[in-house]
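>>> Quick one, fold the following:
(one chain, ligands or ions: 2)
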Amino acid sequence: MGLRIVMLGAPGAGKGTQAVRIAQRLQVPHISTGDIFRAHLKEGTEIGREVQQYLDAGRLVPDELTCTIVADRLQDPDCRNGYVLDGFPRSLPQAEALTKLLEERGGRIDMAININVPDEEIVERLTARRSCSECGKIFNMKFSPSANGDRCDAPGCHGMLERRTDDAEDTIRERLRVYHETTEPIIGYYDNQGILRTVPAAQTGPDGVFKKVEELLESAGAA
Ligand code: AP5
Ligand code: MG
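Ligands and ions are numbered 1, 2, ... in the order given. Okay, the predicted model is just below:
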């Protein structure tokens, strides 16, 4: 069994950026609840219609719906050798539901990686974020622009880069508020279980942060 990892950190801390690299390194799926919700929105599904108001406002989608979606996804065969959860859990009830679900299935989370970035830096990162409308690759106009201007530079892609609608400054502030109020307490939850690993990521680029993450994976005997 490979590692089951949870990514913690404020909106824009770089959870997605690091989760993609970890998933590639460990050859396990990257599961982002935010990406799942945005895919539903794009496809106009019933779930999409249900979650739109929450994403637009920067508020959390209700725990019950979120937990059901994750519980389903974790049943997929590709999750058997571990996974990287990105953006879930983000409330105490979600964290407790995940522990219970895994216990019932005879497993547990092995490591919670908390990417720590101060709020001021977050706003700077998120207002400059762009992502590919085709493959989802994450860019930053300031810190990691695409080699192809406003098009994706991933091999064989060339999709248009777009800005997430929740990356407007007011919505970013609301997401940060919700993070500090509802999500931050779960850092203590994983610390109490002895599996919290905090990565200081202020003024450190994605490569520098990944070096620190790799050390954690190595210490767990996984990379
Ligand atoms: P979600 O998609 O999870 O958004 P988020 O938590 O706000 O996090 P982000 O994706 O904005 O940031 P990130 O940490 O992934 O950073 P990234 O790597 O992109 O959730 C969206 C919404 O869905 C929520 O608001 C909620 O409504 C709903 N939702 C999702 N999960 C839910 C749940 N469990 N329960 C309830 N509701 C849920 O990096 C950001 C930018 O910085 C990029 O431009 C990147 O290139 C750049 N960057 C990354 N690392 C660095 C670095 N080291 N230095 C400089 N720049 C960097
Ligand atoms: Mg993300």
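>>> alpha carbons only for contacts and neighbour counts from here, please
Fine.
>>> In the protein, what residue spans correspond to strands?
Taking DSSP state E as the criterion, the chain contains strands spanning 4-8, 30-32, 83-86, 111-116, 129-132, 138-140, 161-162, 196-200.
>>> so which of these is the most packed in?
Burial of the strands of the chain is given as mean neighbour count (mean count of other CA atoms under 10 Å); strand 83-86 ranks first at a mean of 25.
>>> quick one: average confidence on that one?
Strand 83-86 carries an average pLDDT of 98.
>>> One more: stretch 150-158?
Rounded mean pLDDT across stretch 150-158 is 97.
>>> same check, this time on stretch 4-22
The model assigns stretch 4-22 a mean pLDDT of 98.
>>> Same question for stretch 126-146.
For stretch 126-146, the mean confidence score works out to 95.
>>> likewise stretch 31-43?
Here the average pLDDT along stretch 31-43 is 97.
>>> picking up where we left off before, reformat the strands of the chain as CSV; add distance to residue 97.
Converted to CSV, the strands of the chain look like this (distance: least, CA to CA, whole Å):
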stretch, distance to residue 97
strand 4-8, 14
strand 30-32, 17
strand 83-86, 14
strand 111-116, 16
strand 129-132, 31
strand 138-140, 29
strand 161-162, 34
strand 196-200, 18
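>>> Run through who's touching stretch 135-147.
Defining contact as CA atoms under 8 Å, 6 or more residues apart in numbering, one finds that stretch 135-147 is touched by 16-17, 125, 128-132, 152-154, 157, 159, 205.
>>> buried stuff in that stretch?
137, 138, 139, 140, 145, 146 (16 or more other CA atoms under 10 Å).
>>> Can you narrow those down to the ones near ligand 1?
138, 139, 140 (CA under 6 Å from any ligand atom).
>>> which one is the second one nearest to, not counting chain neighbours?
By the measure of CA to CA, 6 or more residues apart in numbering, the closest residue to residue 139 outside its immediate chain neighbours is residue 130, 5.1 Å from it.
>>> Show the contacting residues for that neighbour.
138, 139, 140, 141, 161, 162, 163, 164.
>>> Just flag the most distant two among those residues.
Greatest spacing in these, by CA to CA: 141 and 164 (13.4 Å).
>>> Spit out the residues that contact the two alike.
Joint contacts of residue 141 and residue 164 (CA under 8 Å, 6+ apart) are 129, 130.
>>> in the sheet, who's paired with the most centrally placed residue in the chain?
The centroid of the chain falls nearest to residue 86 when counting by CA atoms, centre = their mean (2.8 Å). Counting by DSSP bridges, residue 86 forms beta bridges with residue 7, residue 32.
>>> Would you agree it is in contact with residue 36?
No: Residue 86 lies out of contact with residue 36 (CA atoms under 8 Å); the separation is 10.7 Å.
>>> Grab the nearest non-local neighbour of residue 140.
Per CA to CA, 6+ apart, closest to residue 140 is residue 129, 4.4 Å.
>>> my guess is the one you found meets residue 165, correct?
No: using CA under 8 Å, residue 129 makes no contact with residue 165, being 10.9 Å away.
>>> how many other residues sit next to residue 149?
11 (other CA atoms under 10 Å).
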